[in-house]
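Participant: Attaching a predicted model along with its sequence, questions to come.
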Amino acid sequence: MKDEIKARLALLPEKPGIYFFKNEKGEFIYVGKARSLRDRVRSYFQPSPDPKVGSVIAETAEVDFILTGSEKEAAFLENNFVQRYQPKFNLRLKDDKSFPYLKLTLAEQFPGVYLTRKVEPGGARYFGPFSPASQARKTIHLLNKYFGIRACEEKIPGNRRRPCLEYDLKLCAAPCVGQIGEAEYRERVANAVLFLEGKTERLLEILKSKMRIAAEHLDYEQAARWRDLIRTIEQIKDRPKLISVALEDADIFGLAREKERVAVYGFFMRKGKVRQAEETVFRGEEDAPDAAVLGRFLSDFYDRAGDIPARILLPVAPPANPDLGVSLSQKKGSTVRVLVPQKGRDRRLVELAERNAEILLKKSAEELPSLVQLGEVAGLSSPPLRIEGFDVSNTGGDESVGSLVVFERGRPKTDEYRKYKIRGVVGPNDVRSLAEIVRRRYARVLEEGGKLPDLVLVDGGKGQLRAAESALRGLELDRLPVVSLAKKEEIIFVRGRKGGLRLDRTSPALKLLQHVRDEAHRFAVTYHRRRREKKSFISGLDGIPGLGEKRKKALLTRYRSPAEIRQAPLEDLSAIVGKKVAARLKHDAPDKLETR
């Protein structure tokens, strides 16, 4: 597994972003940021004296990443993901107190500016986050000095009769004692917002005009203040260009294409923070325009999505008929705006999603050839990232059981494996047994609102395929893709297609199907053997004097096989069943325990 991860490191770009180490269950165990993703992630796989690095790599089964526009953006995004997923090896950033914001209380008559670490509803505007925190304090000082925005929490109007020291130091316009009117103060706040948003060209025009007017009126002191502010803004090379943090919900999508192959990458922003990302690769019509391909994807995506945001940001406008915004507004019950931003923060977010879509397209071709090919074989519009495989096992109909295995991105997710005791089938009928476990599996998924797979695989031929189809049809899951893989000849039968398919023995798609099928078979056979052994074990205990049902149950709880009982110390057995029965188990009835 580690060799596979190292081979994929070549796919990492030499660009800033955040990276994720995941365990076999797909859980985030570590999230980090990097100026160069390739260099940073590679460094983890070099010899290191740091025990933490060794622990991270020991549990890592997969490495993933998201591109960002800069290392600073990566730091902020890292903060979001750490707070969201709480990775076990991220010891800092978990308390949601890492990055401060500026809070501009626009709902107040005379707004103030403050440093805060929480973004809350209430009519204020938030800017940031800042890193380091000292940058936030310097920015507040600039707003105090050059715009006269107050930083106190003095009640206005209040009981104060004279300005405080901040006014004397020219760090506040003193609205608390009427030194400035509301209209002029609001104008200063508006200019401060332009500064915080990085709209300095527009702000400089306003300030230069004010400086000229002050000079014309011989108010040289005020003109000098505007001059100093203009110089300060022009000298700040790393202007804030801050994200105006609104408690909004938005989905941001990027699109990349190469002939018929399409990659869509989406960021889901909730309450102003990017909480997760969605990535999808599928086959589109080669001659169809981007707008049509993206429109069809979004229509299908939001048909399945339960959470629809107030805004959806796209690189191109989807076709007007049917209108996506209208249909989503009807589904949500409130207005949904579908936008194609041309500039500003929203445009930068879309460009970020597009860069990640380009990387995803390249990665899917190089990293997941088996899934891409399997999607084509099964007639799917996109690679089956989640596959669920089924098999049954019995001996002459005795102790009939079934198994479910789950593969994501071509790798097993053992924590989602499930075992089934066949209930409604008498005798050795693999076809009916398979139909039962498929029906039970997806009836429960529908009941619990769980995740449906991209592809269902059943072990067997046409009969098993038809059984699975019938079970799914009864649950109104006719559109769920199903294939079966027959042993020996390794013929693939696809739902809705006549005849079977024979792939080359070296085909990546066939090898993946064989892996899923063999894993389902192994899991079913293992479970079946354990049940047979247990049944044989129980029957071997029958007829031993003094061994009633209660003592049998105690033995079965402690020991899993006859061999374990034979090897157990007499004292341990005596503590469970008493000395006389223990002696019979050890000496008088050894033949009864020979069940294998």
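Facilitator: In hand now; what should we look at?

Participant: ok, Lys22 touching Val56?
Facilitator: No. Lys22 is not in contact with Val56 according to Cβ atoms under 8 Å; the separation is 10.8 Å. (Glycine included, C-beta is placed from N, CA and C.)

Participant: quick one, what contacts the closest residue to Arg551 other than its chain neighbours?
Facilitator: Excluding the flanking residues, the one nearest Arg551 by Cβ to Cβ, 6 or more residues apart in numbering is Val577, at 4.7 Å. By Cβ atoms under 8 Å, 6 or more residues apart in numbering, the contact list for Val577 reads 546-547, 551, 554-555, 585.

Participant: List buried residues within those residues.
Facilitator: For these, a burial check counting by 16 or more other Cβ atoms under 10 Å picks out 547, 551, 555, 585.

Participant: Let me know the outermost residue of this structure.
Facilitator: Here the chain reaches farthest from its C-alpha mean at Leu218, the gap being 61.3 Å by Cα atoms, centre = their mean.

Participant: just for the stretch 51-200 of the chain, where's the confidence low?
Facilitator: The model of the stretch 51-200 of the chain has pLDDT under 70 over residues 91-99, 129, 131-132.

Participant: can you map out the strands along it?
Facilitator: For the stretch 51-200 of the chain, applying DSSP state E, counting those that start in this stretch gives strands covering 62-67, 101-104, 113-116, 125-128.

Participant: possible to save these as a markdown table with mean neighbour count and distance to Leu339?
Facilitator: As requested, the strands of the stretch 51-200 of the chain are exported to a markdown table (neighbours: other Cβ atoms under 10 Å; distance: least, Cβ to Cβ, whole Å):
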| stretch | mean neighbour count | distance to Leu339 |
| --- | --- | --- |
| strand 62-67 | 21 | 22 |
| strand 101-104 | 23 | 24 |
| strand 113-116 | 18 | 29 |
| strand 125-128 | 22 | 20 |
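
Participant: Could you dump these into CSV with distance to Glu184 added?
Facilitator: Formatted as CSV, these follow (distance: least, Cβ to Cβ, whole Å):
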stretch, distance to Glu184
strand 62-67, 45
strand 101-104, 17
strand 113-116, 17
strand 125-128, 20
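
Participant: nearest to Leu352, of those strands?
Facilitator: With Cβ to Cβ as the measure, strand 62-67 is the member of the strands of the stretch 51-200 of the chain nearest Leu352 (6.9 Å).

Participant: strand partners of that closest one, parallel vs antiparallel please.
Facilitator: Within its sheet, and counting by DSSP bridges, strand 62-67 is paired with strand 17-22 (antiparallel).

Participant: Tell me which residues are up against the partner strand.
Facilitator: With contact meaning Cβ under 8 Å, 6+ apart, strand 17-22 is reached by 12, 28-34, 37, 40-41, 44, 56-57, 59-68, 74, 77-78, 81, 87, 89.

Participant: Only whichever of these are buried, select them in PyMOL.
Facilitator: Selection of buried members from these for PyMOL, criterion 16+ other Cβ under 10 Å:
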select buried, resi 12+28+29+30+31+32+33+34+37+40+41+44+56+59+60+61+62+63+64+65+66+67+68+74+77+78+81+87+89
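
Participant: So this structure: which segments form each domain?
Facilitator: 2-85, 101-198+240-244, 248-367, 386-530, 542-593 (automatic domain parsing).

Participant: Would you tell me which of those gets closest to Arg231?
Facilitator: Per Cβ to Cβ, nearest to Arg231 of these: domain 101-198+240-244, 10.5 Å.

Participant: my guess is Leu255 meets Ala292, correct?
Facilitator: No. Counting by Cβ under 8 Å, Leu255 does not reach Ala292; the two are 11.3 Å apart.

Participant: In terms of neighbours, single out the busier of these two.
Facilitator: Leu255 (24 against 15; other Cβ atoms under 10 Å).

Participant: Tell me the buried residues in the helix or strand the more buried one falls within?
Facilitator: In this assignment (DSSP states H and E), Leu255 forms part of strand 250-258. Buried residues in strand 250-258, counted by 16+ other Cβ under 10 Å: 250-257.

Participant: One more: stretch 169-180?
Facilitator: For stretch 169-180, using 16+ other Cβ under 10 Å, the buried residues are 171-177, 180.

Participant: Send me that stretch as CSV with only the CA atoms.
Facilitator: Extracted in CSV, the C-alpha atoms of stretch 169-180 (Å, rounded to 0.1, in the frame of the first residue of the first chain):
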residue,chain,number,x,y,z
LEU,A,169,-4.1,60.8,19.5
LYS,A,170,-6.1,61.2,16.3
LEU,A,171,-7.1,57.5,16.4
CYS,A,172,-10.9,58.2,16.5
ALA,A,173,-13.3,60.7,15.1
ALA,A,174,-15.1,60.8,18.5
PRO,A,175,-18.7,60.3,17.4
CYS,A,176,-19.6,59.7,21.1
VAL,A,177,-19.5,63.4,21.8
GLY,A,178,-20.7,64.7,18.5
GLN,A,179,-17.3,65.7,17.0
ILE,A,180,-18.5,64.1,13.7
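
Participant: Now Arg227: which helix or strand?
Facilitator: In the assignment (DSSP H and E), Arg227 maps to helix 220-235.

Participant: Give the rounded mean pLDDT of that helix.
Facilitator: Mean pLDDT, computed over helix 220-235, is 79.

Participant: Would you mind writing the CA trace of that helix as PDB?
Facilitator: Below are the C-alpha coordinates for helix 220-235, written out as PDB (Å, rounded to 0.1, in the frame of the first residue of the first chain):
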ATOM      1  CA  TYR A 220      -3.700  72.100   4.600                       C
ATOM      2  CA  GLU A 221      -3.800  70.000   7.800                       C
ATOM      3  CA  GLN A 222      -6.700  67.900   6.400                       C
ATOM      4  CA  ALA A 223      -5.100  67.700   3.000                       C
ATOM      5  CA  ALA A 224      -1.900  66.400   4.600                       C
ATOM      6  CA  ARG A 225      -3.900  63.700   6.300                       C
ATOM      7  CA  TRP A 226      -5.400  62.600   3.000                       C
ATOM      8  CA  ARG A 227      -2.000  62.700   1.400                       C
ATOM      9  CA  ASP A 228      -0.500  60.500   4.100                       C
ATOM     10  CA  LEU A 229      -3.300  58.000   3.700                       C
ATOM     11  CA  ILE A 230      -2.900  57.900   0.000                       C
ATOM     12  CA  ARG A 231       0.900  57.200   0.400                       C
ATOM     13  CA  THR A 232       0.200  54.500   3.000                       C
ATOM     14  CA  ILE A 233      -2.200  52.700   0.700                       C
ATOM     15  CA  GLU A 234       0.100  53.000  -2.300                       C
ATOM     16  CA  GLN A 235       3.000  51.700  -0.200                       C
END
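
Participant: by contact count, what packs against that helix?
Facilitator: helix 133-147, helix 200-216 (3 or more Cβ pairs under 8 Å, 6 or more residues apart in numbering; DSSP states H and E).

Participant: In this structure Lys210 contacts Arg225, no?
Facilitator: No. Here Lys210 does not reach Arg225: they are 9.4 Å apart, not a contact under Cβ under 8 Å.

Participant: From Ala214, how far out is Ala223?
Facilitator: As for Ala223, its distance to Ala214 is 4 Å (criterion: Cβ to Cβ, to the nearest Å).
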